[in-house]
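**Student:** Let me see the structure of the following:
(chains A and B)
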Amino acid sequence: MDLLSLREHYARTLLIYYRWNMERLFAMLVEKGEACLFVEAGWTGHFVVKINEGQSKRIQCMAHKCNAICDEAIVRNLVSKMDLDLAEKFDRILLESYIEDNKMVKWCPSTPHCENAIHVKEDEFCEVKCSCGLQFCFSCLAEAHSLCSCSMWELWTKKCRDETTTANWITVHTKPCPKCHKVVEKNGGCNLVRCICGPIFW
Amino acid sequence: MTSSSAPSRKALSKIACNRLQKELVEWQVNPPSGFKHKVTDNLQRWVIEVNGAPGTLYANETYQLQVDFPEHYPMEAPQVIFLPPAPLHPHIYSNGHICLDILYDSWSPAMTVSSVCISILSMLSSSPVKQRPADNDRYVKNCKNGRSPKETRWWFHDDKV
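**Tutor:** Sure, this is the predicted structure:
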């Protein structure tokens, strides 16, 4: 806020717009000189609809083709006059949007959720350890996989899943021959099954 | 044929090549202690010198590991064997084959040559006795013609050593 010399909620609106990327925001401010924000009063209904849709950040002016972003303080003020719960929801979604937007911050993928979010400093392609103890790949949120790329790790987990599915299918749908132990599938007929090596079973 | 014979295999895929280049760099920057990789221009076969850890039954002994990479490494496990003479160990057969789950069923592409080496050294270090596996002769006889240990159906029953 201090760096931007703007009021807190203006700074937040701009940071949200630039996905918490300070460098891009500074570049824009230098280029444009100032941010142009405007809002008109009396739009409570518009805001209520937007918040109920799950929006908090970047609620735009409802005029056709007007891309202006509504002032957060005004939205909160207008909405809280009508529905306090909704105003709270507005604030909660706004807070959560920080994590969703900022690619350097992510929720810890632990289950049950430890409610921690992790902020990385420089490289989003790294492995991190949450204070809950879970180690994971910050980029794909899977368990840590070191030199293996995220896409290859995904392929591998899919392969393992498929193999388990195949193994399960075999356990459920087949029986091994009591003599040669080869798995036999009975896909119809009576219970008299004779393996090619001799024994009758099922 | 001996266990050092080249397994019939295809050349490394591009992905495997890139991955191995990365592992090689990583090894050079941060080599696992107790190991020395004899770098050759053959990326598909690494020969690695292992020094028995001090204070264990294998202290002051040196062995050689041969690591062969399949075409689709790391989606498939590398083949890792000891070159003769293989250390006397309850999980190491006289033909150099190693009974260690991560080399077969429990392999995952998150593992590296370096992490495999460390597991093997830890397996060596934890052994209380220098002896061959109970079924050594039968197993080695069945592995004629330089069969790969990856074709063996391993049964991992001992988690102590």
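**Student:** helix, strand or coil for B:I120?
**Tutor:** Here B:I120 is recorded as helix under DSSP: H, G, I helix; E, B strand; the rest coil.
**Student:** Would you mind listing the residues in contact with it?
**Tutor:** When contacts are counted by CB atoms under 8 Å, 6 or more residues apart in numbering or on different chains, B:I120 touches B:50, B:65, B:80, B:98, B:100. In short, each C-beta sits where N, CA and C put it, glycine included.
**Student:** Could I have the ChimeraX command that selects the buried members from those residues?
**Tutor:** This is the ChimeraX syntax for the buried subset of the contacts of B:I120, where burial follows 16 or more other CB atoms under 10 Å in any protein chain shown:
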select /B:50,65,80,98,100
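**Student:** Format the contacts of B:I120 as CSV; extra columns: secondary structure, pLDDT and distance to A:W107.
**Tutor:** Shown next, in CSV, are these (DSSP: H, G, I helix; E, B strand; the rest coil; pLDDT from 0 to 100; distance: CB to CB, whole Å):
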residue, secondary structure, pLDDT, distance to A:W107
B:V50, strand, 97, 43
B:L65, strand, 97, 42
B:V80, strand, 97, 39
B:I98, strand, 96, 41
B:L100, coil, 94, 37
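**Student:** what mean pLDDT does stretch A:101-108 have?
**Tutor:** Model confidence over stretch A:101-108, given as mean pLDDT, is 90.
**Student:** again, but for stretch B:121-139
**Tutor:** 94.
**Student:** Tell me the buried residues in it?
**Tutor:** B:121, B:123-125, B:127, B:132-133, B:136, B:139.
**Student:** Nearest to chain A among the contacts of B:I120?
**Tutor:** B:V80 (17.1 Å; CB to the nearest CB).
**Student:** what residues are up against that closest one?
**Tutor:** B:65-68, B:98, B:103, B:116, B:120.
**Student:** Between all of those residues, which two are separated the most?
**Tutor:** Within these, two members stand farthest from each other by CB to CB: B:D68 and B:I120, at 14.9 Å.
**Student:** just checking, what packs against the lowest-mean-pLDDT helix or strand in chain A?
**Tutor:** Here the helix or strand of chain A ranked lowest by mean pLDDT, DSSP states H and E is helix A:22-32, holding a mean of 72. Secondary-structure packing of helix A:22-32 (3 or more CB pairs under 8 Å, 6 or more residues apart in numbering or on different chains; DSSP states H and E): helix A:8-17.
**Student:** Next, the angle from the helix it packs on to helix A:22-32.
**Tutor:** For helix A:8-17 against helix A:22-32, the angle by axes from the mean of the first three to the mean of the last three CA atoms, to 10 degrees is 110 degrees.
**Student:** Next, the buried residues of helix A:8-17.
**Tutor:** A:9-17.
**Student:** Distance to A:P199 and pLDDT for these - can I get that in a markdown table?
**Tutor:** Putting those into a markdown table (distance: CB to CB, whole Å; pLDDT from 0 to 100) gives the following:
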| residue | distance to A:P199 | pLDDT |
| --- | --- | --- |
| A:H9 | 80 | 78 |
| A:Y10 | 82 | 78 |
| A:A11 | 80 | 79 |
| A:R12 | 76 | 82 |
| A:T13 | 77 | 80 |
| A:L14 | 78 | 81 |
| A:L15 | 74 | 82 |
| A:I16 | 72 | 82 |
| A:Y17 | 74 | 81 |
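**Student:** what's the closest of the residues you listed to A:E96?
**Tutor:** Minimum distance to A:E96 across those is 11.5 Å, recorded for A:I16 (CB to CB).
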